[in-house]
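Chemist: sharing a model that was predicted from the sequence below.
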Amino acid sequence: MRLQRDRIVRATIECISRMGIKRTSIASICQQAGLSAGAVYVHFRNKDEIIAEALQFGAMTGSMLPRSWATFRAQITNLESQMGFDVATAARARLQLYAECVHPGPLHDMLKPQIERSRDVLVQYLRTMADEGKIRLVMSPLQTALSIASLIDGMLWIALSSDRPLDELREDLSAGLDCFVTAVDP
């Protein structure tokens with residue numbers, strides 16, 4: 001049952017990436033997942049519940065973060081795949097979700113706590129790495145976390161909207177990260 005639920009959420013992310021939230025329907029999710037509407041309704045009451053789970057899919061947790069800045073930096077600049085999606089699909093879906101969630105309403109209310117949790121995880125990670133002497137921060141951990149998130153999402157948005165190949169972002173992301181964080185040699 002868990003595999004089928006994941007399949008529905010993944011199909012939803014694919015649909016959101018291609019069509020946006022408003023044009024994504026239960027029918028399009030079913031078609032993408034290769035499931036009947038009945039199978040979808042076994043797991044979710046409505047589209048809003050599916051979207052809510054899609055919002056949380058792949059959310060950052062402390063256990064996901066590596067113990068070295070070099071590995072973290074490599075993960076950010078690795079644009080091969082994210083959560084089993086090609087980077088363009090993952091980025092389009094995330095940007096579609098963010099764009100829809102900036103308006104007051106249920107989606108905003110669902111996304112806000114998730115963004116705050118992810119931000120807090122990154123803030124704590126940066127604080128710990130700095131306290132352990134592994135990195136030096138130019139700004140506070142909060143300012144750095146916000147800057148890193150903005151850098152990643154902003155570069156992805158600009159690349160996608162201008163048809164720039166995403167693999168060209170590696171060097172730009174690396175240079176941007178270097179403006180915020182300096183690795184300390186052991």
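Modeler: Looks like it arrived, so ask away. Numbers count the residues shown, from 1 in each chain.

Chemist: doesn't residue 139 lie inside a helix?
Modeler: No - counting by DSSP: H, G, I helix; E, B strand; the rest coil, residue 139 is not part of a helix but coil.

Chemist: that one contacts residue 179, correct?
Modeler: No - counting by Cβ atoms under 8 Å, residue 139 stays clear of residue 179, with 9.9 Å between them. For the C-beta atoms, the positions are set from N, CA and C on the backbone; glycine is no exception.

Chemist: out of the helices and strands in this protein, which is least certain?
Modeler: Within the chain, no helix or strand scores below strand 81-82, which has a mean of 68 by mean pLDDT, DSSP states H and E.

Chemist: what's the domain layout of the chain?
Modeler: 1-48, 58-183 (automatic domain parsing).

Chemist: as TSV, those domains with mean neighbour count would be great.
Modeler: Formatted as TSV, the domains of the chain follow (neighbours: other Cβ atoms under 10 Å):
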stretch	mean neighbour count
domain 1-48	16
domain 58-183	15
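
Chemist: just the strands in this structure please.
Modeler: 81-82, 85-86, 135-137, 181-183 (DSSP state E).

Chemist: those: which one's closest to residue 16?
Modeler: Each of the strands of the chain has some distance to residue 16 by Cβ to Cβ; the shortest is strand 85-86, at 11.1 Å.

Chemist: now do that closest one: which elements does it pack against?
Modeler: Applying 3 or more Cβ pairs under 8 Å, 6 or more residues apart in numbering; DSSP states H and E, one finds that strand 85-86 contacts helix 2-23.

Chemist: quick one: the helix it packs on to chain centroid distance?
Modeler: Using Cα atoms, centre = their mean, to the nearest Å, the mean C-alpha position of helix 2-23 is found 14 Å from that of the whole chain.
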